[in-house]
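J.: everything below, folded, please.
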Amino acid sequence: MHSLQLTYGASSDVGLTRRHNEDRFHADPSTGLFIVCDGMGGHRAGEVASSRAIEIIPRHLAESTADPSLPLIGVSRPEFSTATNRLASAVRLANHTVHQEAARHAAYTGMGTTVVAAWLVGHVLSIAHVGDSRLYLIRGDLLHPLTDDHSLVQAQVQSGLLAADDAERVSHKHVLTRAVGVHATVEVELAELPVLDGDTLLLCSDGLTAGVSANTILRVIHESPDPQTVSDRLIALSNAAGGTDNTTVIVATLTRSKPGMWNRIRAHLFAAPTTDSY
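T.: So this is what the prediction gives:
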């Protein structure tokens, strides 16, 4: 099976109305790990929460890759792969660390952060998220949401109390029902799926989706083959729509890597002989 090569672009911007950027991101194609965090809390505490999560999650995954016997944080779920359970463990560790730091410093009381993380291991994408930062899969001409917001609005839509078309217009659309660091424990939403050659992943904070429609996002992705150009363009569109929040975007494209020359020669030399039928 051919391996998949990752090419990515990433951008983060404070927007037009906020004084500080409380978003943080991690993008490492060598490990296949991409994360977006959107912090919240007064006195720059949101920056602290998102920064801690961005530090802890990759470190925990690196340590467990080097030592697979490293204990999991939380309960392993048998319906998911080892990688997905390990990603959940990393998010839970981030939750514990942020919560403990908030308890030690009065200025950080109540701080928290969203987390959306995608980890490609082989041809399987592990997904973990808490909050309302999002992950999308672009496959062909379709934009597939791979996460559901942990927000009051989304809960009302799912229960039938609010129409989906009205969700962006209500005043409480930014109220979260779940965030990393706010409580001593957190429920981490998990998923995993096989990816294909030609797929594109989009991770973003809610600053993008608040002002830029899904159709526009899809159009911009199809307009350029360069992920960095797409990321920068989406940030610009978010600011053009008002820029009322920090916006962070990661765009990662997956392409099948071609075998090197020696591997092609070896495959030809040692190919099984064909048998003619008469």
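
J.: those strands in the chain, which residues are they?
T.: With DSSP state E applied, the chain shows strands at 4-13, 23-28, 33-40, 112-113, 115-121, 124-130, 134-139, 142-145, 189-194, 200-204, 247-256, listed in chain order.

J.: so where's the stretch 1-150 of the chain uncertain?
T.: Scanning the stretch 1-150 of the chain for pLDDT under 70 picks out 1-2.

J.: er, the stretch 151-278 of the chain actually
T.: Low-confidence segments of the stretch 151-278 of the chain (pLDDT under 70): 154-155, 157-158, 160-173, 258-278.

J.: bridging residues for Pro145?
T.: Taking DSSP bridges as the rule, Pro145 bridges to Tyr136.

J.: contacts only, for Ile221.
T.: When the contact criterion is C-beta atoms under 8 Å, 6 or more residues apart in numbering, the partners of Ile221 are Ile138, Leu143, Thr200, Leu202, Val230, Val251. Any C-beta I mention is one placed from the backbone N, CA and C, and that applies to glycine too.

J.: any figure for the gap between the second one and Phe80?
T.: Read it as Leu143. Between Leu143 and Phe80 the computed distance is 24 Å (C-beta to C-beta, to the nearest Å).

J.: re the thing from before, any chance of TSV for the contacts of Ile221, columns neighbour count and distance to Ser12?
T.: Output for the contacts of Ile221, formatted as TSV (neighbours: other C-beta atoms under 10 Å; distance: C-beta to C-beta, whole Å):
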residue	neighbour count	distance to Ser12
Ile138	19	20
Leu143	17	21
Thr200	22	19
Leu202	27	14
Val230	23	14
Val251	31	13
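
J.: which of those sits closest to Ala107?
T.: Nearest to Ala107 among the contacts of Ile221 is Leu202, at 33.9 Å by C-beta to C-beta.

J.: once you drop chain neighbours, what's closest to that closest one?
T.: Tyr136 (4.3 Å; C-beta to C-beta, 6 or more residues apart in numbering).

J.: test my guess that that neighbour contacts Pro145.
T.: Yes. Using C-beta atoms under 8 Å as the test, Tyr136 is close enough to Pro145 to be in contact (5.7 Å).

J.: settle it for me: which of those two has more neighbours?
T.: Shown here are Tyr136 and Pro145; by other C-beta atoms under 10 Å, Tyr136 has more neighbours (22 against 13).

J.: in the stretch 101-250 of the chain, which spans are helices?
T.: Using DSSP state H, counting those that start in this stretch, the helices of the stretch 101-250 of the chain run over 152-158, 206-209, 214-223, 227-240.

J.: indicate which one of those is closest to Ala118.
T.: Nearest to Ala118, of all the helices of the stretch 101-250 of the chain, is helix 227-240, at 13.9 Å by C-beta to C-beta.

J.: quick revisit: can you redo the strands of the chain as TSV with distance to Val75?
T.: Supplementary listing: the strands of the chain in TSV, determined by distance: least, C-beta to C-beta, whole Å:
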stretch	distance to Val75
strand 4-13	30
strand 23-28	25
strand 33-40	22
strand 112-113	22
strand 115-121	18
strand 124-130	14
strand 134-139	23
strand 142-145	27
strand 189-194	12
strand 200-204	26
strand 247-256	29
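
J.: and of those, who's closest to Ser69?
T.: Each of the strands of the chain has some distance to Ser69 by C-beta to C-beta; the shortest is strand 115-121, at 17.9 Å.

J.: how close does Thr109 get to Val48?
T.: Taking C-beta to C-beta, one finds Thr109 at 12 Å from Val48.

J.: could you tell me which residues touch both of these two?
T.: Counting by C-beta under 8 Å, 6+ apart, the common neighbours of Thr109 and Val48 are Gly41.
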